[in-house]
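Peer 1: Sharing a model prediction with you, sequence too.
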Amino acid sequence: MAKTVSFAILHFTVAFTVGYLLTGSLMVGGLLAIIEPACNTVVFHFHEKAWKRFEANNPEQHARATSMGWLHVH
């Protein structure tokens with residue numbers, strides 16, 4: 001969960017900065033910083049859960065993809 005929270009903080013900061021730089025509006029930057037990363041953070045959480053399930057259910061495919069350099073293992 002800490003990984004998800006740290007990702008969210010980073011994402012909020014990037015979304016605000018990009019929104020503000022593109023529009024010059026604090027309001028638009030703020031709205032983008034809240035809406036887009038919030039949606040993306042929820043999706044990321046479920047992506048991680050699905051990926052862990054894939055790893056558990058497909059250990060041979062996961063090991064093969066990792067050994068071929070297709071996946072970065074933490």
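Peer 2: Structure's in. What do you need? Residues are numbered from 1 along each chain as shown.
Peer 1: Sticking with the residue nearest to the spatial centre of the chain, tell me its helix or strand.
Peer 2: Residue closest to the mean C-alpha point of the chain, counted by C-alpha atoms, centre = their mean, is Phe44 at 4.6 Å. For Phe44, the host element (DSSP states H and E) is helix 26-57.
Peer 1: Which neighbouring elements make contact with that helix?
Peer 2: Under the contact definition 3 or more C-beta pairs under 8 Å, 6 or more residues apart in numbering; DSSP states H and E, helix 26-57 sits against helix 2-23. Placement of C-beta: from N, CA and C, glycine included.
Peer 1: and with 10 Å instead?
Peer 2: Applying 3 or more C-beta pairs under 10 Å, 6 or more residues apart in numbering; DSSP states H and E, we find helix 26-57 packed against helix 2-23, helix 59-67.
Peer 1: got a markdown table for those, with distance to Glu36 and mean pLDDT too?
Peer 2: Formatted as a markdown table, the helices and strands packed on helix 26-57 follow (distance: least, C-beta to C-beta, whole Å; pLDDT from 0 to 100):
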| stretch | distance to Glu36 | mean pLDDT |
| --- | --- | --- |
| helix 2-23 | 5 | 90 |
| helix 59-67 | 29 | 82 |
